[in-house]
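Participant: Requesting a structural model of the entry that follows:
(chains A and B)
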Amino acid sequence: GAGVSQSPSNKVTEKGKDVELRCDPISGHTALYWYRQSLGQGLEFLIYFQGNSAPDKSGLPSDRFSAERTGGSVSTLTIQRTQQEDSAVYLCASSLEPEDTQYFGPGTRLTVL
Amino acid sequence: KQEVTQIPAALSVPEGENLVLNCSFTDSAIYNLQWFRQDPGKGLTSLLLIQSSQREQTSGRLNASLDKSSGRSTLYIAASQPGDSATYLCAVRTSWGKLQFGAGTQVVVTP
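Facilitator: Modelled structure (predicted):
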């Protein structure tokens, strides 16, 4: 069956531009997560969506980062006015319920020049 | 604040040896612990999930134990193969949904 998919796989942008990263979770999964993996910081939590509840945004590093999940399925992570320190691999995961195994997508590698 | 530590950071073993990977966490109030592997340039693949009420989980050559009171988990991989070469990450769930990861152990299995 289809796993978690993310697009684009690679994104190169210039400092100051906005970017949008997309995540398609596994069908039927109620929970969706965004993480960021960078050399200096390891893997860190960004934001979590569960059903129709308000998202847990506690991991977002600044107000330049935002995310939405439409129709309980696809999610978009938006980074405004990108900075070089935003360069990282952005990983999306989904799970059937919050207590279940999280399944990860292949990630989007973001490079900010 | 929860901290997750994995030791060693890197490990190299000859094919056929058993692998022992360690994960420790500072706050025992966890919901579950999950082990992942990550291949270079790829996402994470889930290996095993242990609920906080469980002591161990097994899947094929993999066995993971959990001692919540001492804040430790160990992943055993029996009879290692070159295809087991990857980075192994442990993660604990300390609040609804959110995972906190260790830095990983990079494993190389030599033929």
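
Participant: pLDDT below threshold where in chain A?
Facilitator: A:1 (pLDDT under 70).

Participant: Nearest the middle, which residue of it would you pick?
Facilitator: What sits nearest the mean C-alpha location of chain A, by CA atoms, centre = their mean, is A:Trp34, with 3.4 Å.

Participant: what helix or strand does that residue sit in?
Facilitator: Following DSSP states H and E, the helix or strand that holds A:Trp34 is strand A:31-38.

Participant: Counting by contacts, list what that strand packs against.
Facilitator: strand A:42-50, strand A:75-79, strand A:88-95 (3 or more CB pairs under 8 Å, 6 or more residues apart in numbering or on different chains; DSSP states H and E). C-beta coordinates here come from the backbone N, C-alpha and C atoms, glycine included.

Participant: again, 7 Å this time
Facilitator: strand A:42-50, strand A:88-95 (3 or more CB pairs under 7 Å, 6 or more residues apart in numbering or on different chains; DSSP states H and E).

Participant: Who does the shortest one pair with, and is each partner parallel or antiparallel?
Facilitator: Put plainly, it is strand A:88-95. Its sheet considered, strand A:88-95 pairs with strand A:31-38 (antiparallel), strand A:103-104 (antiparallel), strand A:108-112 (antiparallel) by DSSP bridges.

Participant: ok, and what's touching it?
Facilitator: A:4, A:6, A:21, A:23, A:25-26, A:29, A:31-38, A:75, A:77, A:101-105, A:107-110, B:43 (CB atoms under 7 Å, 6 or more residues apart in numbering or on different chains).

Participant: on that earlier part again, any idea how far the residue nearest to the centre of chain A lies from A:Gln6?
Facilitator: With distances taken as CB to CB, to the nearest Å, A:Trp34 is found 10 Å from A:Gln6.

Participant: what does B:Gln57 give?
Facilitator: From B:Gln57 to A:Gln6 the distance is 28 Å (CB to CB).

Participant: and chain A, which residues reach chain B?
Facilitator: A:31, A:33, A:42-43, A:45, A:48, A:50, A:56, A:91, A:98-99, A:101-107 (CB under 7 Å from any CB of the partner chain).

Participant: Which of those are buried, as a ChimeraX select command?
Facilitator: Here is the ChimeraX selection string for the buried members of the residues of chain A next to chain B, based on 16 or more other CB atoms under 10 Å in any protein chain shown:
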select /A:31,33,42,43,45,48,50,56,91,98,101,102,103,104,105,106,107
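
Participant: Close to chain A: what parts of chain B are there?
Facilitator: Residues of chain B lying near chain A (CB under 7 Å from any CB): B:31-32, B:34, B:42-44, B:46, B:49, B:89, B:96-101, B:103.

Participant: what's the distance between the residue lying farthest from the centre of chain B and B:Ser24?
Facilitator: The centre of chain B is farthest from one residue, B:Pro111, which by CA atoms, centre = their mean lies 22.7 Å away. Using CB to CB, B:Pro111 is found at 31 Å from B:Ser24.

Participant: Ok, A:Glu97 next?
Facilitator: 27 Å.

Participant: Compare neighbour counts for the two and give me the winner.
Facilitator: A side-by-side neighbour count of A:Glu97 and B:Ser24, using other CB atoms under 10 Å in any protein chain shown, places B:Ser24 first with 17 against 12.

Participant: The helix or strand hosting that one pairs with which strands, parallel or anti?
Facilitator: Taking DSSP H and E as the definition, B:Ser24 sits inside strand B:19-25. Next to strand B:19-25 in the sheet, as set by DSSP bridges, lie strand B:4-7 (antiparallel), strand B:72-77 (antiparallel).
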